[in-house]
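J.: Give the three-dimensional model of this entry:
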Amino acid sequence: MSSPWSSFLLTFIPLFIVIDAFGNVPFVVAMTQGMSPHERLRMINLATVTATAVGLAFLFFGQFVLGILGISVGSFAIAGGLVLLVLSIRYMVTGQMVEMVKEEMVAVVPIGTPLTVGPATITTLLLLATQYSLPMVLFSFIVNMAIVWVSLLASGFLAKFLGLGGLKAVSKVFSLLLAAIAVSMVLRGFELLGIVKVAN
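T.: Modelled structure (predicted):
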């Protein structure tokens, strides 16, 4: 019988990998370009709350809701990928993901979901819930979201370090990477649906 510590590690580590809190920091820096410190903090708090709410909703009701709506995780992955792709293209064309007066929208989509809690995280949560106790999975998820919040707060220091010119350069590079992630997410969705086989 596994100990609570080993159960925590076996639930925490997979979630830590798929959530990739530190990997999302450059995207947050790019998306918060032009925001005041107050707007950035509000966006970070809303993004963390959104991601946590989405994760908890799927952890407790995911299988039921998807079954009722007839939605597969693959379809969810495709939808999330298309949203990211549209936003990344919009940034490359206009220089903005959304209008800056709508930082709440950026917090919800794409930072809260699908970047922080997307199809990979949802799939992992659903799988872990079938293998370990719900309280343990819940605890591991909450710890991961606390790490997300702290790492996103650190994005403000990174933005100050880079300066305006650095932010613009980072924004352009990561908008391309975001588009690549979006395409990868769409392809993963097609693979989950059994339509294509994606080579590793």
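J.: And the next helix or strand past the lowest-mean-pLDDT helix or strand in the chain?
T.: Ranked by mean pLDDT, DSSP states H and E, the weakest helix or strand in the chain is helix 103-106, scoring a mean of 65. Following helix 103-106 in sequence order, the next helix or strand is helix 119-131 (DSSP states H and E).
J.: which residues touch residue 89?
T.: residue 179 (C-beta atoms under 8 Å, 6 or more residues apart in numbering). C-beta coordinates here come from the backbone N, C-alpha and C atoms, glycine included.
J.: How is it assigned, secondary-structure-wise?
T.: Under DSSP: H, G, I helix; E, B strand; the rest coil, residue 89 falls in the helix class.
J.: How much space separates it from residue 175?
T.: 8 Å (C-beta to C-beta, to the nearest Å).
J.: How about residue 23?
T.: 16 Å.
J.: More neighbours: the two, which one.
T.: residue 175 (21 against 12; other C-beta atoms under 10 Å).
J.: for the one helix or strand that one maps to, the distance to its chain's centre please.
T.: With secondary structure defined by DSSP H and E, residue 175 is part of helix 134-192. How far helix 134-192 lies from its chain's middle: 6 Å, per C-alpha atoms, centre = their mean, to the nearest Å.
J.: so what secondary structure elements neighbour that helix?
T.: helix 4-19, helix 25-31, helix 37-69, helix 73-94, helix 119-131 (3 or more C-beta pairs under 8 Å, 6 or more residues apart in numbering; DSSP states H and E).
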